[in-house]
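Participant: sharing a model that was predicted from the sequence below.
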Amino acid sequence: MTFEEFKREELKKPDVRAEYDALEPEFSLMKAMIEARKETGLTQKQLSERTGISQSDISKFESGNGNPSVKTLRRLAAGLGMNLRIEFQPSTRA
């Protein structure tokens, strides 16, 4: 069984699906950060030098082991030459 097959099977379980869905904002933020850094052609070290945020903290964040503040996210966005936008959207849950 591949990982994707295993994941598909596990996500059929309501409790697993609920936990997975609850982590979606963190996953989206991590993915957006990694994509933005790669689009700008920066390494973690280069972004660290631009922002004063340690490379290890950037790595922790990108791997899901960090919990950056909004202030830190603003610094990362500025280092990438981007603006940070955080928004609330209506819930799709009933």
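Facilitator: Great, that's in hand.
Participant: where in this structure is pLDDT low?
Facilitator: Across the chain, the stretches falling below the confidence threshold (pLDDT under 70) are 93-94.
Participant: what segments of it are helices?
Facilitator: Under the criterion DSSP state H, the chain contains helices at 3-10, 14-22, 24-39, 44-51, 55-62, 70-79.
Participant: against Pro68, how distant is the residue nearest in space to the middle of the chain?
Facilitator: Closest residue to the average C-alpha location of the chain: Met30 at 1.2 Å, with C-alpha atoms, centre = their mean. Taking C-beta to C-beta, to the nearest Å as the measure, Met30 and Pro68 are separated by 10 Å. C-betas here are computed from N, CA, C, even on glycine.
Participant: if we can go back for a sec, the residue nearest to the centre of the chain against Phe61, yeah?
Facilitator: Yes - with contacts defined as C-beta atoms under 8 Å, Met30 counts as touching Phe61 at a distance of 7.0 Å.
Participant: returning to what we had before: quick one: the helices of the chain as TSV, columns for distance to Glu87 too.
Facilitator: Supplementary listing: the helices of the chain in TSV, determined by distance: least, C-beta to C-beta, whole Å:
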stretch	distance to Glu87
helix 3-10	28
helix 14-22	18
helix 24-39	11
helix 44-51	23
helix 55-62	20
helix 70-79	13
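Participant: ok, which of the ones you listed comes nearest Gln89?
Facilitator: helix 24-39 (10.4 Å; C-beta to C-beta).
Participant: buried ones in the closest one?
Facilitator: By neighbour count on 16 or more other C-beta atoms under 10 Å, the buried set for helix 24-39 is Leu29, Met30, Met33, Ala36, Arg37.
Participant: that helix vs helix 55-62, what angle?
Facilitator: Here the directions of helix 24-39 and helix 55-62 differ by 130 degrees (axes from the mean of the first three to the mean of the last three C-alpha atoms, to 10 degrees).
Participant: so what touches helix 24-39?
Facilitator: Here helix 24-39 makes contact (C-beta atoms under 8 Å, 6 or more residues apart in numbering) with Gln44, Leu47, Phe61, Glu62, Ser63, Gly64, Leu73, Leu76, Ala77, Leu80, Met82.
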